[in-house]
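*Asks:* Make a model of this:
(chains A and B)
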Amino acid sequence: MRTFKTLALIAAAAAVMALPLSFGLFWINMIITALIFSLVVFSINLLTGLTGLLSFGQAGFVGIGAYTLGVLAKQGHPPLLAGLYGVLLAMACGFLLGLPAARLKGHYLAIGTLGFGILIYQLLTNSVDITRGPMGLLGIPTGGIDKQTWYLITLAVCLAVLAALAYMDRYSIVGVVLKMVRHDEIAARASGINVFAVKLIAFTISAGLAGLSGALFAAYARFLTPDLFNEQESFRYMMMAVVGGIGSPLGGIIASLMLTTIPEGLRVLGEDNLRLLVYGTMVLFVLWFLPSGIGGLVERLRK
Amino acid sequence: MIALELDGVSKRFGGLQALSEISFRVEPGEVLGLIGPNGAGKSTLVACITGVLRIDAGIIRFQGSDVQNLPAHRRARQGISRTFQKVRLADQLTVYENVVAGLAGHWFANSTGWLRVLQPLSTHDATTMVGEVLERVGLADAAGTVVKSLPFGRRHFVEIARAIVAGPKLLLLDEPATGLTEPERERLARLVRDIAAQGCAIVLIEHDLELVGRLCDRVTVINHGRRIFSGTPTAAQNDPAVIEAYLGVNQLIGGRDDARD
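*Replies:* Predicted coordinates for the structure are as follows:
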């Protein structure tokens, strides 16, 4: 009976995941974008949900990943390699930001990471020689892949990261180490855990995930402007993570889909004025009725 | 080799001299009682030994070498372990997970540690070592219980399990008997003797003098950050300076009567 249930659940999930393949250009586009965004939400799940560190500068790492791929691919480097460089550069920046930031706590950490995000945005805007600044980076040579394939690629990447996070969170020893750091640094140190190193590594991996999201976005959209990576975007990612439940990657993916498609859908339906209202109401509703987000609701329903 | 040796350890917080010139030593397998009234500097001393606080003067030697420049986590990995006066556990995690965290910290000591912690929670190393230690502290039945739903007394034993899971050379117990029921106190006493018998040096901070008298070979009494006595527990209870500073004349009589009951 139990195996039957599991099989039915897997079949249902597969059916839902296959559904977008039949969607029109507009909707599949939206879902691919939402999946790419959800990688940033995962990076917040890892950093904030598991390790307890707040970052309002994630869009900066997304920007680093995106522009590295964009600039290098336009110079003729193979896109896959350029994407890899983008992820590595984001990780390097995450490590460097972590060196001072891992010593900060609470509000100070939030302000520090916010500052980093603004710094990257300003760099992308003003380094006109490299990024073309506000004129935008056009025609990144990563065309020739159809939407269905893009959907499958982003879905595969998301599921892989989701599985890795779920393993870390629930089944691995390292997950316990991260939670110990989040819960009580003094007790963690007394148990031989190097709190600073753990935070530094969390920053680095989280930055890598955000960078991966950026690289995928650049390759998919083939067009970049610095505005896609300003601090408002950082707040939007944080909003998605909160609506999804800060410790729940699965909730994050759902929140990312909801907060991307519903406002856009309303705009297409000609209700552009309603867009912000609905967006705000949704966020308020979740915070008011589901303080642990969509993930918390799923958890409660399961019990 | 001497497990722990303090020589002239001093610590100042602004205008308050929290510790001045504290010296004592603990041998492997020995249980040293560290007593003194509230605010005497006992927990400050533990914080200095474990590396949470840096000392202003003096030397702390662990197994013969100065640990002054080692951060807290490095001292823990070398074998300095502790429990806290106010229990510090991750409430939402299970007993097993809390104890595994204590084990994992020590794995980082060698370079392959990062790979080892990527293993599943149910990996063989972890389940056997944690299983054994939970058996020793009497929590074998509670491995899967979330700490939040555990009675307060039993949480002390989770902390002790976390502290001893990696086989420390020095264990600092900060008021472990607070809030324990009578059977739990007995279990604690047996456990402390058992840990010491394996060659671990123990520093026991405790207000319960009856327990200190039973478990400790020697006691060091501190008051206002100064050592005022060092000797056997019985001698401590008859020492005029200790009586005046720590117990108060009337309370001593009451306390000893309690102990005889």
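*Asks:* I'd like to know how many residues surround the closest residue to chain B within chain A.
*Replies:* With Cβ to the nearest Cβ, the shortest gap between chain A and chain B falls at A:G192, namely 2.9 Å. Glycine gets a C-beta too; all of them are placed from N, C-alpha and C. By the measure other Cβ atoms under 10 Å in any protein chain shown, the count of residues near A:G192 is 28.
*Asks:* Wait, B:G36 touches B:V219, no?
*Replies:* No - under the criterion of Cβ atoms under 8 Å, B:G36 lies out of contact with B:V219, with a separation of 9.8 Å.
*Asks:* so who does A:V128 touch?
*Replies:* For A:V128, the contacting residues are A:M135, by Cβ atoms under 8 Å, 6 or more residues apart in numbering or on different chains.
*Asks:* Equivalent analysis for the one 10 residues further on, please.
*Replies:* When contacts are counted by Cβ under 8 Å, 6+ apart, A:L138 touches A:222-223.
*Asks:* ok, 7 Å please
*Replies:* When the contact criterion is Cβ atoms under 7 Å, 6 or more residues apart in numbering or on different chains, the partners of A:L138 are A:F223.
*Asks:* mind checking pLDDT for it?
*Replies:* In the predicted model, A:L138 carries a pLDDT score of 87.
*Asks:* ok, now B:S230?
*Replies:* Per-residue confidence at B:S230 stands at 85 (pLDDT).
*Asks:* Shouldn't it be within a strand?
*Replies:* Yes - residue assignment for B:S230, taken from DSSP: H, G, I helix; E, B strand; the rest coil, places it within a strand.
*Asks:* does it really touch B:F24, like I thought?
*Replies:* Yes - with the criterion set as Cβ atoms under 7 Å, B:S230 and B:F24 qualify as a contacting pair; they are 6.5 Å apart.
*Asks:* which element is the closest residue to chain A within the stretch 151-261 of chain B on?
*Replies:* Closest approach of the stretch 151-261 of chain B to chain A (Cβ to the nearest Cβ) occurs at B:R162, with a separation of 6.3 Å. Under DSSP states H and E, the secondary-structure element containing B:R162 is helix B:152-164.
*Asks:* ok and the helix or strand just after that helix relative to helix B:152-164, angle-wise?
*Replies:* Of the helices and strands lying after helix B:152-164 in sequence (DSSP H and E), the nearest is strand B:170-174. Counting by axes from the mean of the first three to the mean of the last three Cα atoms, to 10 degrees, strand B:170-174 lies at 160 degrees to helix B:152-164.
*Asks:* Just the mean pLDDT for strand B:170-174, thanks.
*Replies:* Taken as a whole, strand B:170-174 has an average pLDDT of 93.
*Asks:* What's the separation between B:G41 and B:C48?
*Replies:* The gap separating B:G41 from B:C48 is 9 Å, by Cβ to Cβ, to the nearest Å.
*Asks:* cool, A:L97 as well?
*Replies:* Between A:L97 and B:C48 the distance is 33 Å, computed by Cβ to Cβ.
*Asks:* For the stretch 101-250 of chain B, which residues are neighbours of chain A?
*Replies:* When proximity is defined as Cβ under 7 Å from any Cβ of the partner chain, the stretch 101-250 of chain B approaches chain A at B:101-102, B:104-106, B:108, B:117-121, B:126, B:162.
*Asks:* Now these in CSV, please, with extra columns for neighbour count and secondary structure.
*Replies:* Shown next, in CSV, are those (neighbours: other Cβ atoms under 10 Å in any protein chain shown; DSSP: H, G, I helix; E, B strand; the rest coil):
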residue, neighbour count, secondary structure
B:A101, 29, helix
B:G102, 30, helix
B:A104, 27, helix
B:G105, 28, helix
B:H106, 22, helix
B:F108, 21, coil
B:V117, 25, coil
B:L118, 14, coil
B:Q119, 17, coil
B:P120, 13, strand
B:L121, 19, coil
B:A126, 23, helix
B:R162, 29, helix
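*Asks:* any idea which of these is closest to chain A?
*Replies:* Comparing these against chain A with Cβ to the nearest Cβ picks out B:G105 as the nearest, at 2.9 Å.
*Asks:* give me phi/psi at the nearest residue to the closest one once chain neighbours are set aside?
*Replies:* Excluding its sequence neighbours, the residue lying closest to B:G105 (Cβ to Cβ, 6 or more residues apart in numbering or on different chains) is A:G192, at 2.9 Å. The phi and psi torsions at A:G192 (degrees, to the nearest 10) take the values phi 90, psi 10.
*Asks:* So A:G192 sits against B:W107, correct?
*Replies:* No - taking contact to mean Cβ under 7 Å, the distance of 8.3 Å between A:G192 and B:W107 leaves them out of contact.
*Asks:* Show which residues not belonging to stretch B:201-215 make contact with it.
*Replies:* Contacts of stretch B:201-215 from elsewhere in the structure, counted by Cβ under 7 Å, 6+ apart, are B:3-4, B:26-35, B:42, B:46, B:169-175, B:177, B:185, B:189, B:192-193, B:195-196, B:216, B:219, B:233, B:237, B:255, B:259.
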